[in-house]
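Q: Following is a predicted model, sequence given first.
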Amino acid sequence: MQLPRIYQALGESNFQQLVRSISLGKLRTYQLFDRLKARAHLQKLNQENLRKAAPRLWARLSEGDLELAADLSQAILVGTLDMIVDVLNFLGIPHNNGFFEKNAAVSQYLTDGWQQRAFEQFRGRYPEPQLLFYLNHLAHEVDEKAELFLPAEVR
């Protein structure tokens, strides 16, 4: 599954929530601010402009813009590192503050039903759009052919 497909499956209202969750401070910390500003085609990157650009970004993702999908993913995920650390710890995946080595054998920790178990564990603690996005993003990182995960109660 490609990254734009994750956004599309979550739907436009969840996408808008994900965009609103982007932390501009974290973008600066992780040196992603200018990259997202350029990729989003914004003269000035702030919360209001990002929120207003969400429909245009959604349209570009719907057309399959892989670069935008990747940059938005990074922007969203750096703002949810606490959740990422909790999920990785729950799954027993070795990491360094939410990041694991590119060549790490992560798939061995992702046993049958891992997404459902993690979703049930954290759904009340973290916003569902962010949690579902991360669970699908993690699956994508480990196996680009992974099936999309959407629990029945969310569909």
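A: Done, it's in.
Q: what domains does the record give for the chain?
A: Domain assignment of the chain by automatic domain parsing yields the ranges 3-78, 81-142.
Q: Any chance of TSV for these, columns distance to residue 148 and mean pLDDT?
A: Using the backbone N, CA and C atoms, a C-beta is placed for each residue, glycine as well. Formatted as TSV, the domains of the chain follow (distance: least, CB to CB, whole Å; pLDDT from 0 to 100):
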stretch	distance to residue 148	mean pLDDT
domain 3-78	5	96
domain 81-142	6	94
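Q: hmm, what's the outermost residue in the protein?
A: residue 43 (24.1 Å; CA atoms, centre = their mean).
Q: what separates that residue from residue 77, distance-wise?
A: Using CB to CB, to the nearest Å, we find residue 43 at a distance of 25 Å from residue 77.
Q: Residue 86 now?
A: Distance of residue 86 to residue 77, given as CB to CB: 13 Å.
Q: Please apply the same query to residue 3.
A: From residue 3 across to residue 77, the span is 11 Å (CB to CB).
Q: if we can go back for a sec, out of the domains of the chain, nearest to residue 152?
A: Nearest of those to residue 152, taken as CB to CB: domain 81-142 at 9.8 Å.
Q: Next, the buried residues of whichever helix or strand residue 84 is part of.
A: For residue 84, the host element (DSSP states H and E) is helix 81-91. Buried residues in helix 81-91, counted by 16 or more other CB atoms under 10 Å: 83-84, 86-88, 91.
Q: Much appreciated, bye for now.
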